[in-house]
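J.: quick check, what structure comes out for this input:
(chains A and B)
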Amino acid sequence: DAKTTQPTSMDCAEGRAANLPCNHSTISGNEYVYWYRQIHSQGPQYIIHGLKNNETNEMASLIITEDRKSSTLILPHATLRDTAVYYCIVSHTGANSKLTFGKGITLSVRP
Amino acid sequence: EAGVAQSPRYKIIEKRQSVAFWCNPISGHATLYWYQQILGQGPKLLIQFQNNGVVDDSQLPKDRFSAERLKGVDSTLKIQPAKLEDSAVYLCASSLIGPGGYEQYFGPGTRLTVT
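T.: Residues are numbered from 1 along each chain as shown, chains lettered A, B, ... in the order given. Coordinates of the predicted model:
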């Protein structure tokens, strides 16, 4: 599976959009981009995934560049409860895929 | 819908002792995963089951770790004997098979401290 690179940390103000970047320059054609988050002392939680098109659900939007070498997770109106570690993961098998977690990016939402 | 259940939530043992963790996945989820998460790192997959068969156990330290899912529902992960470096949170996750299986649902984890 391709490797991902994320900044170590970032912060944003409550109510503003949080844009979390991820680089995956070695992604192959059949690899999906997944985002999970982990709130302190909890198990990871699925957020969204995509292959090549932009995706949106009730939690977030996923923007994948046309060359698929990078993506951005957008939380449109961050709240204090969005403070967590966010993991960007690339996996080639889709459903029932093996997920390889990195260290993720720590998002701190400030009041 | 009930989530993934794990027990115990916390366990403290001495090195060389044995320990077992239990996981009950979401009803109807055929795929079950065990992860190890060391402090400050992301979770690492130890073993993946589909029904009661092993799909991937390439990162399971088989000299001391074992896992089973005998009836294709709940699962146990055992460590025998434990080492100091096994101190971690052990997470269980489950997913559906096939097109619905993109999302893994995680339990709260078991925090193991080996002294």
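
J.: residues from chain A in reach of chain B?
T.: Applying CB under 8 Å from any CB of the partner chain, we find that chain A lies next to chain B at A:32, A:34, A:36, A:41-46, A:49, A:85, A:87, A:94-104. Placement of C-beta: from N, CA and C, glycine included.

J.: tell me the buried residues within these.
T.: Among these, those buried by neighbour count (16 or more other CB atoms under 10 Å in any protein chain shown) are A:32, A:34, A:36, A:43-46, A:49, A:85, A:87, A:94, A:96-101, A:104.

J.: what about the residues you listed, which are in strands?
T.: A:32, A:34, A:36, A:45-46, A:49, A:85, A:87 (DSSP state E).

J.: any idea which helix or strand in chain B has the lowest mean pLDDT?
T.: strand B:53-56 (a mean of 92; mean pLDDT, DSSP states H and E).

J.: quick check: next helix or strand after that one?
T.: strand B:65-68 (DSSP states H and E).

J.: who does whichever helix or strand comes after that following strand touch, helix- and strand-wise?
T.: Counting by DSSP H and E, the element after strand B:65-68 in chain order, helix or strand, is strand B:75-79. For strand B:75-79, the packing partners by 3 or more CB pairs under 8 Å, 6 or more residues apart in numbering or on different chains; DSSP states H and E come out as strand B:19-24, strand B:31-37, strand B:44-50, strand B:65-68, strand B:88-95.

J.: low pLDDT regions in the chain?
T.: Answering for chain A, as no chain was given. Applying pLDDT under 70 to chain A flags the ranges A:1-2, A:93-95.

J.: to clarify, I was referring to chain B.
T.: B:1, B:100.

J.: what residue is smack in the middle of it?
T.: Closest residue to the average C-alpha location of chain B: B:W34 at 2.8 Å, with CA atoms, centre = their mean.

J.: so who does that one touch?
T.: B:23, B:45-47, B:67, B:75, B:77, B:90-92 (CB atoms under 8 Å, 6 or more residues apart in numbering or on different chains).
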